[in-house]
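Student: Quick one: sequence plus predicted model below, questions after.
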Amino acid sequence: MPYNPDLRISTDGPAVARAFADHIVAKLNKKKEGPLFWALSGGSTPKLLFNLLAAEYQDKIDWSRLHFFWGDERMVPHDDAESNYGEVKKLLFDKVPVVKSQIHAVQTNLEPEEAAKAYGEKMMQLLPSNSDGLPILDINMLGMGGDGHTASIFPSNMKEMMASDEICTVATHPDSGQKRVTMTGKVLNASDEVCFLITGNGKTQRVAQIINQENGAVNFPTAHIKPTSGKLIWFLDEAAASEVGY
Ligand SMILES: O=C(O)[C@H](O)[C@@H](O)[C@H](O)[C@H](O)COP(=O)(O)O
């Protein structure tokens, strides 16, 4: 399958956040009615988005239609500074009229294996599934680490995570040893749409290697995330995209 994601390049991080926020509005308008199942990612880039949504999109989005999931979550209490859920609760959920019962957080009070199993079961209950029996998210918003990881699929566990038939599984951060629950590669690729939000000159080389399909790209998990039948969009700022070949 050729690798030619839809590239949407904006001037800087805030402009990337705005481009993606407008993309959410457009998707809600296109779908006219019914729920939109949106998986969030952690990290610093989404913070720009959450702050913008809270500040300027209160009335542009019908928040009652949104269901929130997480592509990965750190196995810490929700009020821990490391919590992906905690971050978006503080920056967004506490400021806009989301429906609390439609926020589907990972149960980080459970043991990691239990939490991964429970989350996979919850996704199967709530989401439509494809012909392979995998849950389909309308939008899977992902970031990319400097090592090319996405969600909590790292180069060190990539083969296992991309081959797994589990919906969610436990991952261990290679540096910190932190336990995480992550959606597996097949689930990410079952999404109706995967949107990468990647900004900053720290990602330039990795972005170029993957988008230009240079040697070694196959070593990076992000290069393996291309929906089997959905769309793949990369929202980039000029710094991250500066060495993209086309
Ligand atoms: O829980 C996490 O840490 C994220 O899901 C992770 O995969 C993140 O998306 C990347 O590390 C990019 O993070 P930045 O946007 O901070 O570079």
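Tutor: Thanks, I have it.

Student: which stretches of the chain aren't confidently modelled?
Tutor: Under the criterion of pLDDT under 70, the regions of the chain flagged as low confidence span 1-2, 246.

Student: at 80 what do you get?
Tutor: For the chain, applying pLDDT under 80 flags the ranges 1-3, 246.

Student: And the helix or strand encompassing Gln125, what's buried?
Tutor: Per DSSP states H and E, Gln125 falls inside helix 112-126. Buried residues in helix 112-126, defined by neighbour count with 16 or more other C-beta atoms under 10 Å: 112, 115-117, 119-120, 122-123. The way it works is simple: take the backbone N, C-alpha and C, and place the C-beta from them, glycine included.

Student: Need the max-distance pair from those residues.
Tutor: Farthest pair in those (C-beta to C-beta) is Pro112 and Met123. Separation: 16.5 Å.

Student: which stretches of this structure form helices?
Tutor: Secondary structure of the chain (DSSP state H): helices located at 13-31, 45-56, 84-88, 112-126, 158-163, 185-188, 204-211, 238-241.

Student: Tell me which of those approaches Thr228 most closely.
Tutor: helix 185-188 (8.5 Å).

Student: residues from this protein in reach of the ligand?
Tutor: Along the chain, the residues adjacent to the ligand under the rule C-beta under 6 Å from any ligand atom are 41-45, 72, 84, 143-145, 149-151.

Student: So which of those residues sit within strands?
Tutor: Using DSSP state E, Asp72 are the members of these that sit in strands.

Student: Which members of the residues of the chain next to the ligand are classed as buried?
Tutor: When the residues of the chain next to the ligand are checked for burial by 16+ other C-beta under 10 Å, the buried set is 41-43, 45, 72, 84, 143-145, 149-151.

Student: and which of these is nearest Leu232?
Tutor: When these are compared for distance to Leu232 (C-beta to C-beta), Thr150 comes out closest, at 12.0 Å.

Student: can I get the buried residues of helix 112-126 in CSV with distance to Pro35?
Tutor: Supplementary listing: those in CSV, determined by distance: C-beta to C-beta, whole Å:
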residue, distance to Pro35
Pro112, 28
Ala115, 24
Ala116, 24
Lys117, 24
Tyr119, 18
Gly120, 19
Lys122, 15
Met123, 14
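
Student: now Thr45: how far from Ala240?
Tutor: Here the distance between Thr45 and Ala240 works out to 10 Å (C-beta to C-beta, to the nearest Å).

Student: just Leu110 next, same as before
Tutor: Between Leu110 and Ala240 the distance is 36 Å, computed by C-beta to C-beta.

Student: cool, and Gln178?
Tutor: In this view, Gln178 and Ala240 are 25 Å apart by C-beta to C-beta.

Student: Compare neighbour counts for the two and give me the winner.
Tutor: The neighbour count for Gln178 versus Ala240, taken as other C-beta atoms under 10 Å, is higher for Ala240 (29 against 14).

Student: hang on, isn't the more buried one packed against Ile198?
Tutor: Yes - shown here, Ala240 and Ile198 form a contact pair, counting by C-beta atoms under 8 Å, at 4.9 Å.

Student: list the residues that contact both of these two?
Tutor: Common contact partners of Ala240 and Ile198 (C-beta atoms under 8 Å, 6 or more residues apart in numbering): Val207.

Student: about what we covered before: could I have the helix holding Gln125 exported to PDB, CA atoms only?
Tutor: What follows is helix 112-126 as a C-alpha-only set of coordinates in PDB (Å, rounded to 0.1, in the frame of the first residue of the first chain):
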ATOM      1  CA  PRO A 112      -2.300  -2.700  34.400                       C
ATOM      2  CA  GLU A 113      -3.400  -6.100  32.900                       C
ATOM      3  CA  GLU A 114      -6.900  -5.700  34.300                       C
ATOM      4  CA  ALA A 115      -7.200  -2.100  33.100                       C
ATOM      5  CA  ALA A 116      -6.100  -3.100  29.600                       C
ATOM      6  CA  LYS A 117      -8.600  -5.900  29.400                       C
ATOM      7  CA  ALA A 118     -11.400  -3.800  30.900                       C
ATOM      8  CA  TYR A 119     -10.700  -1.000  28.400                       C
ATOM      9  CA  GLY A 120     -10.700  -3.300  25.400                       C
ATOM     10  CA  GLU A 121     -14.000  -4.700  26.600                       C
ATOM     11  CA  LYS A 122     -15.500  -1.200  27.100                       C
ATOM     12  CA  MET A 123     -14.400  -0.200  23.500                       C
ATOM     13  CA  MET A 124     -16.000  -3.300  22.100                       C
ATOM     14  CA  GLN A 125     -19.200  -2.500  23.900                       C
ATOM     15  CA  LEU A 126     -19.400   1.200  22.900                       C
END
